[in-house]
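Q: the amino acid sequence is not available; the structure is as follows:
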């Protein structure tokens, strides 16, 4: 029996363009003793786009996912900042108004589902690590401290803002957690301008240059601050920071070449998994440097 | 009384080249504001310290600035809270040695005139004028006043709460990357007129804002303006309302692919339940390439622009194989799950309730009435002035720049909780 169990919403991108995120999450959860019950019937959160089109549609779709999670009797966990933000937005509205909630539950009834506001929680893996698992316990699990690895945190907007929606009343330091996790794993936090800024991904198909300029600027700032890699809890940020990195480099007109890790990959490295096991070869920006930086420590 | 140190980013172009930092020690009650601290420093230490302020009560919108990197009003930020923020471990080198200072800077995304005074004209006001911020009615004016039902104005009360302080402009991350972006304040103002039933140019306004490369599709959805706004206007939410009006109410097929992206995304989830990114790229850029619509030149350019990324993705195995890029191989939800998703679509696309918490307020814990009550929200949710226990400040003051729409007599009970 695992210490912690969650109804697990992996999101779409972790099973699409960033399969290494889904895979590394499974390895890391298993090693940490976190049981994940995958919500395979659940639907996309809409990533803010469906809410922009039709708020009630987005709210009903996400409440459906919450109700599916509640059927398992477990709290819910996600591994995507954007999922967290899109779901929290809908949850805020549905929780705020009992009439509205009642109406949405009517739409869920034919599937035998019902969402109950009280007691429901939905946390990104980052929040789970700090609040439920605990950093002290995480430290004890570290097999290969990330000594000497200079890591730039990249949070992603949806997990940071707006503050009134994301549980800061009870957890005022949620915007510092990535820094804390890097430290707990033995790594060195790199302070740079872009840590809490936007990767630009939401407008990459609409205002490509503005989008990629954001990604390229933040990567450049992190390089200037001496980062060996970035780490992010958001696969959509990963798409703009990693997959689009060569294109972003053209827009900001400089060489980039900075590895961007998914949060479970960084944790996985410290737990002793190899970069290959964690799918780091699937990245566009080479992760070789990260490997090399860790090599001497691993051998010691 | 407590002691604080304000670390102010100064700029005195008449006497000194370039910006510099200067620290001021002040002593005041923690419940007083950062503005009070700045005025004390100006009074006791250096009269040349330039700051713009007037009402000191978060009404006039003059004292916008950055405090510990966060854009907002200095008069609405308690100095004790600003100190607590500065002391948070791991922020701006806090926790190292001596007591951290409260960092005070002029607003971002605007030229600085002197110290904390920025040039609002060249950015903020120019952008506000860009959206034609006055009513454009049709036909002869009525003999007396325009008469509209109060509920038809509720939708724009949130945008009307703007006091033109510029905090959202200062915080805007899209404007950082694109100074030409029309920006959160001006676009919120645009919605104030798009949503006004007396305005007769709604479609033209939306057409303009959707097709401008620096318009509604240049907003990167980062929520910074929502956190910065001292009045709960949530400018980004107003931009999303503009998008909804442009794409769904008026079906404006813009050159920026905003409509196509939204339509493609929404359609894919209806068909497949989860997002198929490869299909999204194809559909966003070239909806119906096989069928009825011709892709726009901008769409073809976008599609071609994404090809190098796709090829790199295939090489590393990120896009596992070439078939991954061919739409249609994405797995569907198991069993009858997709049919339930489709059923939800069928209802919501027809019903489409919008719940505005700024107007409606949030029910307090334990407020929940007995379950199974008949629950059928109205198409536009009515405000309930008697709503008990709402969090946050009352927030529907009218901005001085508004051309005086009729008072609805229904102030929103709560802003950002």
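A: Perfect, I can see it now. What you see is a predicted model, and the numbers here were worked out from it, not measured in a lab.
Q: next, residue A:151: secondary structure please.
A: Classification of residue A:151 into helix, strand or coil gives strand, according to DSSP: H, G, I helix; E, B strand; the rest coil.
Q: that one contacts residue A:231, correct?
A: Yes - counting by CB atoms under 8 Å, residue A:151 does reach residue A:231; the two are 5.4 Å apart. Every C-beta, even on glycine, is put in place using the N, C-alpha and C of the backbone.
Q: more crowded one of these two?
A: A side-by-side neighbour count of residue A:151 and residue A:231, using other CB atoms under 10 Å in any protein chain shown, places residue A:231 first with 29 against 26.
Q: give the buried residues for the host helix or strand of residue B:153.
A: If you go by DSSP states H and E, residue B:153 is part of helix B:151-160. Applying a neighbour-count criterion of 16 or more other CB atoms under 10 Å in any protein chain shown, one finds B:153-160 buried in helix B:151-160.
Q: relative to residue A:137, which of the residues you listed is nearest.
A: Using CB to CB, residue B:158 comes nearest to residue A:137 of those, at 44.1 Å.
Q: now do the closest residue in space to residue B:85 that isn't next to it in sequence, the pLDDT please.
A: If you skip the residues right next to it in sequence, residue B:85 has residue B:68 as its closest partner in space, 5.0 Å away by CB to CB, 6 or more residues apart in numbering or on different chains. With respect to pLDDT, residue B:68 scores 96.
Q: residue B:68 contacts residue B:101, correct?
A: No - under the criterion of CB under 8 Å, residue B:68 lies out of contact with residue B:101, with a separation of 9.4 Å.
Q: show me the common contact partners of those two, please.
A: Here residue B:68 and residue B:101 have residue B:86 as joint contacts, going by CB atoms under 8 Å, 6 or more residues apart in numbering or on different chains.
Q: which one's more surrounded, the two?
A: The residue with more neighbours, out of residue B:68 and residue B:101, is residue B:68; 25 against 20, by other CB under 10 Å.
Q: distance of that one from residue A:81?
A: Here residue B:68 is placed at a distance of 23 Å from residue A:81 (CB to CB, to the nearest Å).
Q: repeat that for residue B:57.
A: Counting by CB to CB, the gap from residue B:57 to residue A:81 is 36 Å.
Q: swap in residue B:59?
A: Applying CB to CB, the value for residue B:59 to residue A:81 is 36 Å.
Q: is there a neighbour count for the residue nearest to residue B:335 when sequence neighbours are not counted? I'd like the number.
A: Excluding the flanking residues, the one nearest residue B:335 by CB to CB, 6+ apart is residue A:41, at 7.1 Å. Burial of residue A:41, expressed as a neighbour count using other CB under 10 Å, amounts to 20.
Q: list the contacts for residue A:41?
A: So, once contact is read as CB under 8 Å, 6+ apart, residue A:41 ends up touching A:68, B:333-335, B:337.
Q: and if you look at residue A:229?
A: Residue A:229 sits next to A:149-152, A:258-261, A:287, A:289-290 when contact means CB under 8 Å, 6+ apart.
Q: switch the cut-off to 10 Å
A: Listed by CB atoms under 10 Å, 6 or more residues apart in numbering or on different chains, the contact set of residue A:229 reads A:146, A:149-152, A:187, A:190, A:222, A:258-261, A:265-266, A:269, A:280, A:285, A:287, A:289-290, A:293.
Q: next: residue A:185.
A: Applying CB under 10 Å, 6+ apart as the definition, the contact partners of residue A:185 turn out to be A:135, A:138-139, A:141-142, A:144-147, A:149, A:151, A:231, A:266-271.
Q: give me phi/psi at residue B:66?
A: Backbone geometry at residue B:66, expressed as degrees, to the nearest 10, gives phi -100, psi 130.
Q: pull the contacting residues for it.
A: With contacts defined as CB under 10 Å, 6+ apart, the neighbours of residue B:66 are B:9, B:72, B:74, B:103-108, B:116, B:167, B:170-171, B:228.
Q: of those residues, keep whichever come out buried.
A: The neighbour count (16+ other CB under 10 Å) marks B:9, B:72, B:74, B:103-108, B:116, B:167, B:170-171, B:228 as buried among the contacts of residue B:66.
Q: with that, I have no additional questions.
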